[in-house]
Each structure stands twice: as C-alpha cells, then as structure tokens.
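Visitor: next one to model:
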Amino acid sequence: MNAQMLTGIRRIECRQIPTPSIVHPTDVLLKIEYVGVCGSDMHYFETGRIGSQVVAYPYQVGHECSGTVVEVGPAVKGLKAGQSVAVEPAVSCHQCDQCRAGRPHTCRKLMFLGCPGQIPGCLSEYLVMPAECCFPIDGKITLQQGVLCEPFAIGVYAVQQSGIRPGAAAAILGAGPIGLSCLAAAKAEGAQTVYMTEIIPERVAVARKGGADWVGNPQTEDITASILKQQPGGVDVVYECAGQQDTIDQALVLLKPGGTLMLIGIPREEKVCFCPDLMRRKEITLINVRRQNHCTQKAIDLVAEKKVDLDYMITHTFDVSQTAEAFELVAGYRDGVVKALIKMG
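Guide: Model (predicted):
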C-alpha cells in the first residue's frame, strides 16, 4: 500500500509498504478516509522529535483519522465491514496500575498512533487498530467531523479536568484547533464568559466565529490588562494551549486566587518556568493535560447532538498527493489555516 513517510526534516515522500492485516481476534482493518494534520505532527516534521520521542527515518506520521471498516477479527462485536468510524489513537494495556486506576491515557505501556517506536501513523491507505479504538459514526456525523473528534476529545477532557462550572469565566490562550476545542467544550459545559488570545490575525476572526466572547492579539495590545479590565477579579480557569513561556506568564496574572491553570500546549523547549510568588499567593492549581481519557464518545455525541459546531475549524482539504504541501502550510501558519485535512481516497 501507499504511505506518506517523513524521510528527513521537512521532507515527506510516498513510499510503498506492506498492507497491514488482522493479527489479534479483536483487530479491525480500516481503509483510511481522512487524516487531520496536527500541531504535534509539526514537531516531528520540523524538528524530528517531541522531547524524548525521536524520529527514526523513514517514519510514518499521523494520528487524527476516520475510516471505513474493511474486515474485523473473530472476537469483534458491534462493528462490521462498511461502517464508518472515528479512531481513538491510543492503545492501552488495561493491566498496569495506571489502567486499573482509570488512567489508560497514562498507561505504562501506552502505544499511540504516529509516535516513534509505538504504532505507525495513519497517513496510509490502510490501518489496523483494536476494535475498542474504533467508534461507529454512521448516521451520526460525517467522516470529516470524525477526524475533528480526536482533537475535540482533548478539549472535552481538559474542560472536564478543570472542573469548570456553569457561569464561570475562562481564558484560552491560543486559538489553534486545541484552543478552539476547549472553547467549544467550555461553552457546552456552561461557561458564561470565555476570553481568547491569538497572535495570528486570521485566527482571531475564527475564534470570534467559534463563540469566544472576547478575542485579543498579544502582539497588538496588553491582553492581561484588557481582560482584567473586563474581569477585575480574574478568571476561574486558564487553558494554556500555545505551549509558550509568554502564555504561561499571562495565565498566572489572569487567574483569580484559587484559580486553575490547565497546561495543554506542548512547549518546544525542554524547560519552562513559573513565578512562584504569584502561584503561591494565589494558591493556583496546576494541571497537566495528557491527550484524552474516555472522552472520544462524549466528543462524538456532542457533535452528533449539535451541541457544538466544529465544522468552521476545517479551513483546508488536500488530496493525499498534496501531503507535503499540507504540512508546509500548517508549519508556516499560512493562508489562515486552522485545521487541514488530507483526503486519502
């Protein structure tokens, strides 16, 4: 089969590799329909690594996808050939202490699509995944929306972990796909006021379209002063979705005493710092967000029930032959891109 492979820094080539087949009785063979280009893919594309996860070339990237069931293993129930599915990219062991504690997303033996040394990515014609990772979407949502449910599930999980309550005020720093996913999830949970920040002008407009109550660009105004003028006591929760030192610093200023800082963005630096004076005096709660945990079905249901609208996030769709072009577009934040999809068929 054909697969799009990273063959070096900022290099993607189509390669012929063996078509996967069902090995375990709970396996499902999928024909991949759409793949989303994620910000974490850009780390591998531009630098060849995320922290300790280092690419060995050639490398098959991609973890946001939807597909059509081709074949199922003998132990699979509830799935059959021809069904459309959204894919949860994490495969847990269900035996370690983390899995037993209800934390399969931090499984000691976690395998994740498109991560070096784990599971080959989904930028290929076919993919084999466990049945538990395949969520039927036939008659519920489209294949394109199925792709969006992967990043949206991270937003759903982040908002769930933050414990936000109806009527609360929140700030989201960064209006990329994850920030916009947090926006949709926070509004669905009843957040009364959501402030957003973004340095890319086109995304400022997109955030307004997505339902943010106020959006500011930190490159053209003092966003902390602007938000605190409207919210003098500070906000209840900040969702940091940019992975930047500046946004971490801004978050601590924006939070009210007893507020919660959700760290979702992935910094490219090995270390970031926090002002202990502000954190201590305000008694800030700091929560790291690691992907999603049991939130994929909830994300699908929210879209299917039209409690959220994510379609506006899809700004570009490319044919599989244009994969390298899609990656360059996303890496350069060009042409107002928010979410780029690659059509594999």
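Visitor: helices and strands of the chain: which one bottoms out on pLDDT?
Guide: strand 49-50 (a mean of 90; mean pLDDT, DSSP states H and E).
Visitor: that one packs against which elements?
Guide: Judged by 3 or more CB pairs under 8 Å, 6 or more residues apart in numbering; DSSP states H and E, the packing partners of strand 49-50 are helix 39-47. Glycine gets a C-beta too; all of them are placed from N, C-alpha and C.
Visitor: what's the helix it packs on packed up against?
Guide: Looks like helix 39-47 contacts strand 49-50, helix 323-331 (3+ CB pairs under 8 Å, 6+ apart).
Visitor: could you check the angle helix 323-331 makes with that helix?
Guide: Angle, helix 39-47 to helix 323-331, by axes from the mean of the first three to the mean of the last three CA atoms, to 10 degrees: 100 degrees.
Visitor: name the surrounding residues that touch helix 39-47.
Guide: With CB atoms under 8 Å, 6 or more residues apart in numbering as the test, helix 39-47 has contacts from 6, 9-10, 12, 49-50, 55, 59, 61-63, 114, 116, 176-178, 266, 268, 327, 330-331.
Visitor: ok, now which ones touch residue 307?
Guide: residue 188.
Visitor: what's the spacing between it and residue 241?
Guide: 21 Å (CB to CB, to the nearest Å).
Visitor: same check, this time on residue 179
Guide: 4 Å.
Visitor: before we move on, back to that, tell me which of the helices and strands packed on helix 39-47 sits most buried.
Guide: Most buried of the helices and strands packed on helix 39-47 by mean neighbour count (mean count of other CB atoms under 10 Å) is helix 323-331; its value is a mean of 20.
Visitor: all helices for the stretch 51-200 of the chain, in order.
Guide: 97-100, 143-162, 177-188 (DSSP state H, counting those that start in this stretch).
Visitor: can you redo the ones you listed as CSV with mean neighbour count, distance to residue 320 and mean pLDDT?
Guide: Below are the helices of the stretch 51-200 of the chain laid out as CSV (neighbours: other CB atoms under 10 Å; distance: least, CB to CB, whole Å; pLDDT from 0 to 100):
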stretch, mean neighbour count, distance to residue 320, mean pLDDT
helix 97-100, 14, 35, 98
helix 143-162, 26, 14, 98
helix 177-188, 27, 20, 98
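Visitor: as JSON lines, these with distance to residue 228 would be great.
Guide: What follows is the helices of the stretch 51-200 of the chain, written out as JSON lines (distance: least, CB to CB, whole Å):
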{"stretch": "helix 97-100", "distance to residue 228": "39"}
{"stretch": "helix 143-162", "distance to residue 228": "20"}
{"stretch": "helix 177-188", "distance to residue 228": "19"}
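Visitor: so which of the ones you listed is nearest residue 2?
Guide: helix 143-162 (19.0 Å; CB to CB).
Visitor: chain center to that closest one: distance?
Guide: 7 Å (CA atoms, centre = their mean, to the nearest Å).
Visitor: just the CA atoms of that helix, as CSV, please.
Guide: Extracted in CSV, the C-alpha atoms of helix 143-162 (Å, rounded to 0.1, in the frame of the first residue of the first chain):
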residue,chain,number,x,y,z
LEU,A,143,-16.1,11.4,8.2
GLN,A,144,-14.6,14.9,8.3
GLN,A,145,-16.2,15.6,11.7
GLY,A,146,-14.9,12.2,12.8
VAL,A,147,-11.4,13.5,12.4
LEU,A,148,-12.2,16.6,14.4
CYS,A,149,-13.4,14.5,17.3
GLU,A,150,-9.8,13.5,18.1
PRO,A,151,-8.6,17.0,19.0
PHE,A,152,-12.0,17.9,20.3
ALA,A,153,-11.8,15.0,22.8
ILE,A,154,-8.7,16.6,24.2
GLY,A,155,-10.7,19.8,24.7
VAL,A,156,-13.5,17.9,26.3
TYR,A,157,-11.1,16.1,28.6
ALA,A,158,-9.3,19.4,29.5
VAL,A,159,-12.5,21.1,30.4
GLN,A,160,-13.7,18.1,32.4
GLN,A,161,-10.4,18.0,34.4
SER,A,162,-10.6,21.8,35.1
